[in-house]
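*Asks:* Model the following, please.
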Amino acid sequence: MDIKKDAKGWDILGDAHGCWLELSELMDKLGHRWEKSKGIHVPADGRRIVFVGDIMDRGPYSDTTYMYAKMMVESGHGIWVMGNHDNKCYRWAKGNSVVKSHGLDRTVRQFERAGYDNGKVAEFLKTLPWHLSLDGGKLVVVHAAWRDGLEAESPGVLRSWCLYAPCTGKTLPNGMPDRIDWVSQRQVTEASPWIVYGHQPYDEVRILNKTAGIDTGCVFGGKLTALRWPEMEIVQVPAKERYDEHPVLRGEEGQDG
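*Replies:* Predicted coordinates:
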């Protein structure tokens, strides 16, 4: 079954960051049936679930959100787009030397407690796509950023946009990279696809120039958001608590959203 073609609609979920209680509640609110014996939700009405990336890190249940999203993918009910935190976890799991910062340290502890096999974790995460083109090209789902023609660029440029979004190369006084507001600069036509992305937390869903930014900072005490396509309906649940501080407030360095 080609889940990209056979779906009657897609429920696209923003950055979960280990917020399992909110993720499960959001799936229930979307009307999807929980199958306790399998540990997954079965989507209603022939729909499919799309995770926009950053399933792990920062939050309290990264081991659970990882395994849940993995099983949703393997069951054929979901698709998981690679996020920068997912990619960093992949590099750690396959044995690369990475700094366990921006919540990866918490994820590592949770994975080790759960007894997850690093080799199997790396093997699965390696399969995640950088981006998705859905609904006959009318919709692109990506973790961080997209522009028309990006799929034809070099692997390095494609990876940088999909995982981190474009930056000027400068560093702000708070230690964060100086990110380019690619959304406001986007030139759209009637033929341009809609782009749904995460990575950059907003207080509310940001809709501009046929893009929708759906990371509403659940792990930082905000909300976990789903966008239903093609209905363009927004469904949200509030965070149970603030599990982590926003990196801008802490002045952390790097591009990890």
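*Asks:* Please count neighbours and contacts with C-alpha atoms only from this point.
*Replies:* Will do.
*Asks:* And the helices in the stretch 101-250 of the chain, which stretches?
*Replies:* Using DSSP state H, counting those that start in this stretch, the helices of the stretch 101-250 of the chain run over 104-114, 118-125, 155-164, 182-185, 247-250.
*Asks:* tell me the mean pLDDT for the first one?
*Replies:* Read that as helix 104-114. For helix 104-114, the mean pLDDT works out to 94.
*Asks:* which strands and helices sit next to that helix?
*Replies:* Where contact means 3 or more C-alpha pairs under 8 Å, 6 or more residues apart in numbering; DSSP states H and E, helix 104-114 is packed against helix 62-74, helix 84-93.
*Asks:* The spatially closest residue to L104 that is not a sequence neighbour in helix, strand or coil?
*Replies:* Spatial nearest neighbour of L104, chain neighbours left out: D57 (5.2 Å); criterion: C-alpha to C-alpha, 6 or more residues apart in numbering. When classified by DSSP: H, G, I helix; E, B strand; the rest coil, D57 comes out as coil.
*Asks:* Distance-wise, check D57 relative to A239.
*Replies:* Distance from D57 to A239, counting by C-alpha to C-alpha, to the nearest Å: 15 Å.
*Asks:* neighbour count winner among these two?
*Replies:* Between D57 and A239, counted using other C-alpha atoms under 10 Å, the more crowded position is D57 (30 against 20).
*Asks:* Now do the contacts for the more buried one.
*Replies:* H17, G18, H85, H102, G103, L104, D105, R106, T107 (C-alpha atoms under 8 Å, 6 or more residues apart in numbering).
*Asks:* change it to 6 Å
*Replies:* H17, G18, G103, L104, T107 (C-alpha atoms under 6 Å, 6 or more residues apart in numbering).
*Asks:* how about the strands of this protein, start to end?
*Replies:* According to DSSP state E, the chain carries its strands in the segments 10-13, 33-35, 40-42, 48-51, 78-80, 131-134, 139-142, 167-171, 177-179, 194-197, 206-208, 211-213, 223-229, 233-238.
*Asks:* could you dump stretch 23-42 to CSV, C-alpha only?
*Replies:* What follows is stretch 23-42, C-alpha atoms only, in CSV (Å, rounded to 0.1, in the frame of the first residue of the first chain):
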residue,chain,number,x,y,z
LEU,A,23,0.5,13.3,21.7
SER,A,24,-1.8,10.6,22.8
GLU,A,25,-4.5,13.1,23.8
LEU,A,26,-4.2,14.9,20.4
MET,A,27,-4.6,11.6,18.5
ASP,A,28,-7.7,10.9,20.6
LYS,A,29,-9.1,14.3,19.9
LEU,A,30,-8.6,13.8,16.2
GLY,A,31,-10.9,10.8,16.4
HIS,A,32,-8.3,8.0,15.9
ARG,A,33,-8.9,4.7,17.6
TRP,A,34,-6.4,3.5,20.2
GLU,A,35,-5.5,-0.2,19.9
LYS,A,36,-4.0,-1.1,23.2
SER,A,37,-2.7,-4.5,22.1
LYS,A,38,-0.6,-2.9,19.3
GLY,A,39,0.3,0.3,21.1
ILE,A,40,-0.9,2.5,18.2
HIS,A,41,-3.8,4.5,17.0
VAL,A,42,-5.7,3.4,13.9
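*Asks:* circling back to that earlier point, nearest to M67, of the strands of the chain?
*Replies:* strand 40-42 (9.6 Å; C-alpha to C-alpha).
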